[in-house]
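Colleague: coords please:
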Amino acid sequence: MKITEVKTFVCNAFRTNFVFVKIETDSGLYGWGEATLEYKENTVVAAIHDLERYLVGSDPQNIGAFIHDCYRDAYWRGGPVLMSALAGVEIALWDIKGKALGVPVYQLLGGKVRDSIPIYVNGWFAPAKTPDEFAEKAKSVRDRKFWGCKWDPFGKSWQQISKKDFATAMECVSRVAETVGKDVQLLIEGHGRFDIPTAVKIGKALEDFDIYWFEEPIPPDDLNGLREVKERVRVSLAAGERLYNRYEYRKFFDLNCTDYIQPDISHAGGILEMRFLGAESEARHIGFCPHNPSGPVANAATLQLAACIPNFIVLEMMDADVPWRADICDEQLVMRDGRMVIPDRPGIGIDLDEKELLKHPYIETSLRHYRGDLTNVRTADAVPYYTMEFTRNEGK
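Modeller: A predicted model of the protein is given here:
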C-alpha cells in the first residue's frame, strides 16, 4: 500500500476555520486528519503540502518513521505550524492503519481502559455578557447533566483587570456556581491574560468557589511565572494547549507548573505524541485533559486517546456548532449521563464529505479575546452535534 495523494480542505466554522487533511492510497483506503490552527489556517495548509515529499509513494503504515524523519529534517523545529501540519497528517495515517486492520485506533495503542469519558462543556454561554446572562445560560448546563462547564468571565482584560471588572467577574462566577449547584464542576478560563500579581489576586478570590481549575492564568510562554502562580494560590491550575511536543513540555514537567496538562491533538504532533505526553503526565501523577474545541476529526482522534490513556481525566467539547457540521461529516457522538461514549468504528471512526466541505470556504477570522466580543463564539443557529441519553432518569 502506497500513498498517492495528499488533499487539504479549509472549512469555515464561524469562530475559526477547520483544516482537514485527506491521505489517499493506491489500495482505495484513505484517512482523515485535522490540523485546525486558529488564525493561521492558510499557513498550516502550506506546511502540510510541504510534507508531500515524505508521503507520496511511501507506505502509510510506517507512521513512526514519517514523524521522525519530518521532525529531524525540520531545521526550524517545533512550534504550532510544523507540529499542527504533522498532527493532521499523522492522524490520517493512523486512520488508514486502523481501517486496514479493521480496528479502532485505540486497539493499536493498548486497548480500552474505559468505555466513556466525562465531559466539560465550552461555548455554553454564547453570547452572554452580564452575570445575569451567564447564570441564565448555565441552567442548560445543569439540566443536561454535564460534568462541568468552562468559561472566561474576564471580558477584554489584558495583564491587569480594573476593580469594576474584577468585581463583575467574581459576581459572574458566583451566579453560575449558584445556578449549576454542587454537581457541576466549574472551570475558569484565563486565556493567558494576566500578569503574575493579577493572576494571583484572581486565583485567591477563586478559592471561595471550589473551582476545579484556573486555566492559563498568565501568558503561555512564561513557565517560571506559571510555577510562581501555582505556589501562591490554593486552586488547581491547568495549561499546556500552546505547547506543541514532548520537548517543549520537558521544562513544563520539570517545573511542575500545573496540576493538569492540556495538549491539543491537532497542534501537538498527533496521536502518538499525545500518547507520549499522557504517559509522562501519568508518571508524574498529573491529570491529562486535552484541549478539544476544534472540529469533528480532532474530536474523534482525541476520543481514541480517551479510551486508552489511564490518567485521562475529562474531555472538553463545545456545546454547539455550525449547523453544517452534520453535513460535512458522519460523526455519531453519544452523550450518556454526561459522558461521551467511545465509538468502536475502525480507524478514528469518522468520514467527511468533500463536496460538503467545499460549500463552506475559508473566511478570515481574528482573535476575540481582547476586543470585547469573546462570547460571540457561536452563530444564532448553532446546534448540538451529539445525541444525549439519560439512563438514570436524571434528565430529559
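Colleague: Distance of the most centrally placed residue in the chain relative to D59?
Modeller: Nearest to the mean C-alpha position of the chain, counting by C-alpha atoms, centre = their mean, stands N292 at 1.6 Å. When C-beta to C-beta, to the nearest Å is applied, the distance between N292 and D59 equals 30 Å. For glycine as for every other residue, the C-beta is placed from the backbone atoms N, C-alpha and C.
Colleague: Quickly list what T25 is bridged to.
Modeller: When bridges are assigned using DSSP bridges, the partners listed for T25 are I3.
Colleague: ok, it - how many residues close by?
Modeller: T25 is surrounded by 19 other residues when neighbours are defined as other C-beta atoms under 10 Å.
Colleague: Do I have it right that it meets L55?
Modeller: No - under the criterion of C-beta atoms under 8 Å, T25 lies out of contact with L55, with a separation of 10.3 Å.
Colleague: what about the longest helix seen in the chain, average pLDDT?
Modeller: With residue count as the measure and DSSP state H as the assignment, the chain has helix 79-101 as its longest helix. When pLDDT is averaged along helix 79-101, the result is 98.
Colleague: Just the buried positions in it, please.
Modeller: Of the residues in helix 79-101, those buried under the neighbour-count criterion (16 or more other C-beta atoms under 10 Å) are 80-100.
Colleague: Extract the CA atoms of the strand or helix carrying Y120 and return them as CSV.
Modeller: Taking DSSP states H and E as the criterion, the element that holds Y120 is strand 116-122. Provided in CSV are the C-alpha atoms of strand 116-122 (Å, rounded to 0.1, in the frame of the first residue of the first chain):
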residue,chain,number,x,y,z
SER,A,116,-16.8,6.6,28.0
ILE,A,117,-15.3,9.8,29.3
PRO,A,118,-16.8,12.7,31.4
ILE,A,119,-17.3,16.0,29.5
TYR,A,120,-16.9,19.6,30.4
VAL,A,121,-18.7,21.9,28.0
ASN,A,122,-17.4,25.1,26.5
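Colleague: so what's T391 scoring on pLDDT?
Modeller: Model confidence at T391 (pLDDT) stands at 85.
Colleague: which stretches of the protein have low pLDDT?
Modeller: Along the chain, the model assigns pLDDT under 70 to residues 392-396.
Colleague: any idea which element K156 lies in?
Modeller: Under the criterion of DSSP H and E, K156 resides outside all helices and strands.
Colleague: For it, give its distance to A169.
Modeller: When C-beta to C-beta is the yardstick, K156 and A169 sit 12 Å from each other.
Colleague: Looking at those two, which one has more neighbours?
Modeller: Here K156 and A169 are set side by side on neighbour count (other C-beta under 10 Å), and the busier one is A169, at 21 against 14.
Colleague: How much space separates that one from P217?
Modeller: 13 Å.
Colleague: Now the common contact residues for the two.
Modeller: Common contacts of A169 and P217 (C-beta atoms under 8 Å, 6 or more residues apart in numbering): I202.
Colleague: which residues does the residue lying closest to P361 once chain neighbours are set aside contact?
Modeller: Taking C-beta to C-beta, 6 or more residues apart in numbering, and ignoring the residues beside it in sequence, P361 has N12 as its nearest neighbour in space, at 6.4 Å. Going by C-beta under 8 Å, 6+ apart, N12 touches 18, 322, 360-363.
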